[in-house]
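[1] What would the 3D arrangement of this be:
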Amino acid sequence: MEQKPVDDANPSPELTTHGVGPWQGDRPDDPRFDPELLEDGDSRNVIDRYRYWSMDAIVADLDARRHPFHVAIENWQHDMNIGSIVRSANAFLAETVHIVGRRRWNKRGAMVTDRYQHVLHHADVSDLVAWAAERGIPIIGVDNVPGSRPIDEEPLPERCVLLFGQEGPGLSAEAIAASERVVEIRQFGSTRSINASAAAAIVMHEWVRTHAIRS
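    The predicted model follows:
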C-alpha cells in the first residue's frame, strides 16, 4: 500500500507568536526569503535562522540535515499526545513521523511543526512493518512491558523506527511482535508509567545523545 503525507493539503494554522516586524533596509537578494514576510514581518514560531524564509525553503534546509531515525505512533483512540510527539520530532530533527491506525489526529499540540515535519500514515502495523522492511530499517518498540530492556543499556541503532503506543494501553500486541526489541525508560517513583509524549521526547533525545552530539 502506498503511504501518503498526512493532511498535507490542510496543515495546522500558523498562529501568531513573538516575532519580528517588516524587514528594515535593502531587501536581501536570496530566493529563500518570502516577499510577503519581508513586507509584513514574521511572527511565526521559528528560530532566528529561519526568519523571513518561506516555508518551502525551511523544509528544504531541514531535509538536508535530518537525522536518520523515524518516529511511529499508534493511533487507535485519537491519542491527544500525537501533536506533542510531532513537535518533539521536529525539535530533534527526525526524518519522518508515522501515524499508524486512524488517519486523523489532533494537531493542537504540534504547534504548527507539522508544516515542517514529514508525516506519513499507515493503516495498520503490518503496513509500517512492510515500509520499514523494504528500507532495511529496524523497528524499536518503546514500552515498559515484560522483557523490555532499559534504553541506556544498549545504544539505539542509528537508522531505526522508534515505535510508541498510546497513552494508557501502550503498544499493541502486534506492535510488540513487530519490534526487533522493546526498550523502556528507567523510573524511580510510584507511578507505573510516564506521559506518552514525555516518553517520546526522552527516547528521541537519547538517540540524539548517542548519535548526534559530538564532543
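[2] C-alpha from now on. contacts and neighbour counts both.
    Will do.
[3] And the strands in this structure?
    In the chain, the strands defined using DSSP state E lie at 69-75, 97-101, 119-122, 139-142, 149-150, 160-164, 181-184.
[4] Quickly list the domain ranges of the chain.
    For the chain, the structural domains run 12-65, 69-211, going by automatic domain parsing.
[5] still on that earlier bit, including mean pLDDT, distance to A196 and mean neighbour count, could the strands of the chain go into a markdown table?
    Formatted as a markdown table, those follow (pLDDT from 0 to 100; distance: least, Cα to Cα, whole Å; neighbours: other Cα atoms under 10 Å):
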| stretch | mean pLDDT | distance to A196 | mean neighbour count |
| --- | --- | --- | --- |
| strand 69-75 | 97 | 10 | 25 |
| strand 97-101 | 97 | 14 | 25 |
| strand 119-122 | 97 | 18 | 22 |
| strand 139-142 | 98 | 10 | 25 |
| strand 149-150 | 96 | 16 | 17 |
| strand 160-164 | 98 | 8 | 25 |
| strand 181-184 | 97 | 12 | 20 |
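[6] quick one on the thing from earlier: can you tell me which of the domains of the chain is most buried?
    domain 69-211 (a mean of 19; mean count of other Cα atoms under 10 Å).
[7] So for R27, which of the strands of the chain sits nearest?
    Nearest of the strands of the chain to R27, taken as Cα to Cα: strand 119-122 at 33.8 Å.
[8] Mind giving me the packing neighbours of that closest one?
    strand 97-101 (3 or more Cα pairs under 8 Å, 6 or more residues apart in numbering; DSSP states H and E).
[9] what about the strand it packs on, distance to the chain center?
    10 Å (Cα atoms, centre = their mean, to the nearest Å).
[10] What lies in contact with stretch 138-150?
    Residues outside stretch 138-150 that contact it (Cα atoms under 8 Å, 6 or more residues apart in numbering) are 129, 132, 159-165, 170-171, 175-176, 178-186, 193.
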